[in-house]
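Student: Here you go, sequence then predicted model.
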Amino acid sequence: MFLQGNKILFKIALFVVAGAIFLYPGYRRLRTFGQRLEQLKEDVRVLEEKNRELKVEIEALERDSFYLEKLAREMGLVKDGEVVYKIREEEN
C-alpha cells in the first residue's frame, strides 16, 4: 500500500514538473504581451492628451484673432502699412 502511494505521488510530481516546463514559455510570452499592452496604453494616453491640446490650438486659430496675430508676429510677419525697423548691434 505504501509503495503504491509513492507511485501516485511520483506521477503527480512528474505531471506538475512536466506541466511547468511546457507552460513556462507561454507564461513568459503572456507577461511580455502584458508589459507591451501597458506600454501601448500609456502611448495612447499620451497621444490622446496631445490630440486634446491640438484641438484647443485649432479652436484658438479659428476663433481668436489675437492668438492668430501673436503667432504671425512670432513668425516675423507684419501687417500691411507697418514699417519694420531692424536695429543692428555695433561690433566691437
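Tutor: Sure, I can see it. Note that the coordinates shown come from a computational prediction; the quantities given were computed from them, not determined experimentally.
Student: For residue 35, grab phi and psi.
Tutor: Backbone geometry at residue 35, expressed as degrees, to the nearest 10, gives phi -70, psi -40.
Student: Please determine how far it is located from residue 54.
Tutor: Remark: distance between residue 35 and residue 54 (C-beta to C-beta, to the nearest Å) = 29 Å. In this view, the C-beta of every residue, glycine as well, is placed from N, C-alpha and C.
Student: now do residue 60
Tutor: Residue 60 sits 11 Å away from residue 54, going by C-beta to C-beta.
Student: Next: residue 69.
Tutor: Where residue 54 is concerned, residue 69 sits at a distance of 20 Å (C-beta to C-beta).
Student: before we move on, what about residue 63?
Tutor: As judged by C-beta to C-beta, residue 63 and residue 54 stand 15 Å apart.
Student: go on, residue 42?
Tutor: 19 Å.
Student: Sketch out the low-pLDDT regions of this protein for me.
Tutor: 1-5, 92 (pLDDT under 70).
Student: What strand or helix carries residue 53?
Tutor: Element membership for residue 53 (DSSP states H and E) is helix 2-63.
Student: just to revisit the earlier point, and residue 60 and residue 54? Which one has more around it.
Tutor: residue 60 (15 against 10; other C-beta atoms under 10 Å).
Student: Surely that one and residue 70 touch.
Tutor: No - applying C-beta atoms under 8 Å, one finds residue 60 not in contact with residue 70, separated by 9.8 Å.
Student: residues touching the spatially most central residue of the chain, list them.
Tutor: What sits nearest the mean C-alpha location of the chain, by C-alpha atoms, centre = their mean, is residue 43, with 1.7 Å. Applying C-beta atoms under 8 Å, 6 or more residues apart in numbering to residue 43 gives no contacts.
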